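1. Fold the following for me, if possible:
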Amino acid sequence: QTILFDPESLDIINRSPSIRRRFIDRFLAGYDKEYLVNLSRYNKTISNRNKILSLIKERKSGLNELVFWDINLAEIGVKVLKRRLELFTSIAQILPISQQKVMKEKFDLGINYHSKVVNALDESEESLLINFNKTIEEAKEKDLALGQTTVGPHRDDFSLEINSKDTRNYASRGQQRIAIVALLFCLSEIVFENIGMHPTLLLDDVLSELDIEHSKKVLEALEQIENQVIITATDTAKIGNALLSNYNHIELIS
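-> Numbers count the residues shown, from 1 in each chain. Modelled structure (predicted):
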C-alpha cells in the first residue's frame with residue numbers, strides 16, 4: 001500500500017465532506033477487504049432506498065416498501081460505521097505522537113468524527129444499531145420530501161483540529177500542511193499495525209509552505225521510520241546537504 005501527499009492533500013481540510021469521506025474510505029479499503037465489501041453493499045442499499053423514496057414521493061409506491069431497505073440500511077451502515085470508529089480511535093491515540101515528530105509548536109492536534117448516529121468513538125454495535133434505527137425514523141419525513149437518504153455514514157464528516165478548533169478555519173496554510181503530514185505519519189503506523197508491512201510514502205512537494213525548521217523536523221522524522229520514502233522538492237536548500245546525503249538524489253532539469 002502507498003500513502004500519498006501531494007498539493008491536493010490540503011483538500012482533505014479545505015473542501016467538502018465528500019472529499020474527506022472518500023479519503024477515509026480509500027484508506028480503509030486499501031487494506032481491509034471486509035470494509036470494502038460492506039461499503040459496496042451500503043452504497044447499493046442507499047441507491048435502492050433512494051429509488052423507493054422517489055417512487056413514494058411520486059405516489060408510485062407505498063411506505064411499506066421502505067421497511068426492508070430501512071433494516072438493511074441500519075444493519076450494513078453499522079458495520080461501516082464501526083470500522084470507521086475503530087480507525088478514528090486509533091488515529092486519536094497515535095496522532096499526538098505523530099504531531100510531536102513534525103510540529104515545533106506545542107499545539108494539541110486532534111481529530112473528530114461527526115455523525116448524527118454516533119455518540120462516542122467507543123460506542124458498541126448494539127448502541128449504534130439502536131441509534132441508527134432511531135435516526136432513520138426521525139429523518140424519514142425529510143427523506144420522503146427530498147427523495148433521498150439524509151442520514152448515515154455517507155453523510156458523515158471529520159475534522160482535524162488544533163486546540164479543539166477546526167484547522168479549516170483556524171490554521172494557516174503551513175499549519176494545515178503539517179497537520180496533514182502528521183495524519184499521514186499516523187496512518188502509516190496504522191497500516192503497519194494491521195498488515196505487518198510499512199506502506200510506501202509518496203511525498204510530492206511536501207516541504208512547500210513550510211519554514212526551514214518544520215522542513216527539518218519532517219525530514220528527520222522520515223529518517224526514523226522504516227518505510228520506503230519518495231520525496232519531490234523544487235528547493236533542495238530546505239533539505240540541506242547533511243540530510244540530502246541520506247537519500248538517493250535524482251535532479252531533474254527542464
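2. which residues in the stretch 151-254 of the chain form helices?
-> 167-170, 173-195, 212-223, 241-244 (DSSP state H, counting those that start in this stretch).
3. out of these, deepest packed?
-> Mean neighbour count (mean count of other C-beta atoms under 10 Å) peaks for helix 173-195 among the helices of the stretch 151-254 of the chain, with a mean of 21. For every residue, glycine as well, the C-beta is placed using N, CA and C.
4. who does that helix touch, helix- and strand-wise?
-> Judged by 3 or more C-beta pairs under 8 Å, 6 or more residues apart in numbering; DSSP states H and E, helix 173-195 is in contact with strand 2-5, helix 11-14, helix 66-102, strand 109-114, strand 157-162, helix 167-170, helix 212-223.
5. Name the residues that touch the first one?
-> So that's strand 2-5. 180-181, 184, 187-188, 191, 199-204, 206 (C-beta atoms under 8 Å, 6 or more residues apart in numbering).
6. change it to 7 Å
-> Ile180, Val181, Leu184, Leu187, Ser188, Pro199, Thr200, Leu201, Leu202, Leu203, Asp204, Val206 (C-beta atoms under 7 Å, 6 or more residues apart in numbering).
7. Check the fourth one too.
-> Identification of contacts with strand 109-114 by C-beta under 7 Å, 6+ apart yields 84-85, 88, 91-92, 95-96, 99, 103, 121, 156-162, 164, 179, 182.
8. Could you do the second one as well?
-> For helix 11-14, the external contacting residues (C-beta under 7 Å, 6+ apart) are Ile19, Arg20, Phe23, Leu160, Thr167, Arg168, Gln176, Ile180.
9. For those residues, please prepare a markdown table with the additional fields distance to Val229 and pLDDT.
-> A markdown table is the format used below for the contacts of helix 11-14 (distance: C-beta to C-beta, whole Å; pLDDT from 0 to 100):
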| residue | distance to Val229 | pLDDT |
| --- | --- | --- |
| Ile19 | 25 | 97 |
| Arg20 | 25 | 98 |
| Phe23 | 20 | 97 |
| Leu160 | 22 | 97 |
| Thr167 | 24 | 96 |
| Arg168 | 28 | 96 |
| Gln176 | 21 | 94 |
| Ile180 | 16 | 96 |
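10. Dump these into a markdown table; add distance to Lys33 as well.
-> Compiled in a markdown table, the contacts of helix 11-14 are given as follows (distance: C-beta to C-beta, whole Å):
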| residue | distance to Lys33 |
| --- | --- |
| Ile19 | 24 |
| Arg20 | 22 |
| Phe23 | 19 |
| Leu160 | 27 |
| Thr167 | 32 |
| Arg168 | 32 |
| Gln176 | 32 |
| Ile180 | 26 |
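11. and the angle for the helix or strand encompassing Lys142 with helix 66-102?
-> Assessed by DSSP states H and E, Lys142 sits inside helix 125-146. Relative orientation of helix 125-146 versus helix 66-102 (axes from the mean of the first three to the mean of the last three C-alpha atoms, to 10 degrees): 110 degrees.
12. Helix 125-146 - contacts with which helices or strands?
-> Counting contacts by 3 or more C-beta pairs under 7 Å, 6 or more residues apart in numbering; DSSP states H and E, helix 125-146 is packed against helix 33-57, helix 66-102.
13. relative orientation of the longest one and strand 157-162 in degrees?
-> Computed with the same axes, to 10 degrees, the direction of helix 66-102 lies at 20 degrees from that of strand 157-162.
14. All set now, cheers.
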